[in-house]
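Peer 1: okay, predicted coordinates and the sequence, questions at the end:
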Amino acid sequence: MPKVVDHAVRRKELAAAVGRVIARDGVGEVSIRTVAAESGWSSGALRHYFKTRGELLAFACEQVIDEVTQRIEQKRPAGGVREAVMEILLETMPVDGRRKTESTIAFSFVALGLGDPALARVQKRHFTQMYELCLRLAPHLNPDGDVEGVARRLHAMVDGLTVHVLAGHLTPAEMQRQLGGYLDELMA
């Protein structure tokens, strides 16, 4: 009797292998070959699921977006507004190894999407969902202010701080202090 394969589980395993390659070697080292080796699969078996490196990267990024979204939706933050907003936003930022890998995957699409419309679609989804999260949080931070303007600036702050940590210009602790200070300014 043939073995029953759960293709959704297999694809998630491959996305996890992409994350491990990126965490260890950087996004530039992601290829069908390196991900096949990381996952213990043959390149041919991997190509059954993903024909190109771009498809593989796009799927890995979409997995990250879905996982972060799910974590945020399941959060029940305690404390005041500032603490709750901070806790939610930090789910999207590189404060530990897992979230640094997720941020690296997501932000790699800024450059990758410039030359590939399929990858640009994934990058647009990432930015759109982050903006929508900021738009939901903005009224709690500055109820009498320009909600859209607050959301755009908050999104820019989160993305900017994330890029600074990924580039090694800030530590995660410094990033958290900067974000906390900005939230304090918004709520003043």
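Peer 2: Thanks, I have it.
Peer 1: and stretch 122-141, how far out from the chain's middle?
Peer 2: Averaged C-alpha coordinates place stretch 122-141 at 12 Å from its chain's average position (C-alpha atoms, centre = their mean, to the nearest Å).
Peer 1: show me what counts as buried in that stretch.
Peer 2: Of the residues in stretch 122-141, those buried by neighbour count under the rule 16 or more other C-beta atoms under 10 Å are 122-123, 125-127, 129-131, 133-135, 137-138, 140-141. The way it works is simple: take the backbone N, C-alpha and C, and place the C-beta from them, glycine included.
Peer 1: and the helices in the chain, which stretches?
Peer 2: 7-25, 32-39, 43-49, 53-74, 81-90, 97-112, 117-141, 147-166, 172-187 (DSSP state H).
Peer 1: can you add mean pLDDT and give the ones you listed back as TSV?
Peer 2: As requested, these are exported to TSV (pLDDT from 0 to 100):
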stretch	mean pLDDT
helix 7-25	86
helix 32-39	93
helix 43-49	87
helix 53-74	90
helix 81-90	95
helix 97-112	86
helix 117-141	92
helix 147-166	96
helix 172-187	96
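Peer 1: nearest spatial neighbour of E29, chain-adjacent residues omitted?
Peer 2: If you skip the residues right next to it in sequence, E29 has V21 as its closest partner in space, 5.9 Å away by C-beta to C-beta, 6 or more residues apart in numbering.
Peer 1: I meant R47, not that one.
Peer 2: I32 (6.3 Å).
Peer 1: so how far is K75 from that neighbour?
Peer 2: According to C-beta to C-beta, to the nearest Å, I32 and K75 sit 36 Å apart.
Peer 1: more neighbours: these two, which one.
Peer 2: Looking at I32 and K75 with other C-beta atoms under 10 Å, you find the greater number of neighbours at I32, namely 18 against 12.
Peer 1: how about the contacts made by the more buried one?
Peer 2: Residues touching I32, when contacts are defined by C-beta atoms under 8 Å, 6 or more residues apart in numbering, comprise S43, L46, R47, F50, T52, R53, L56.
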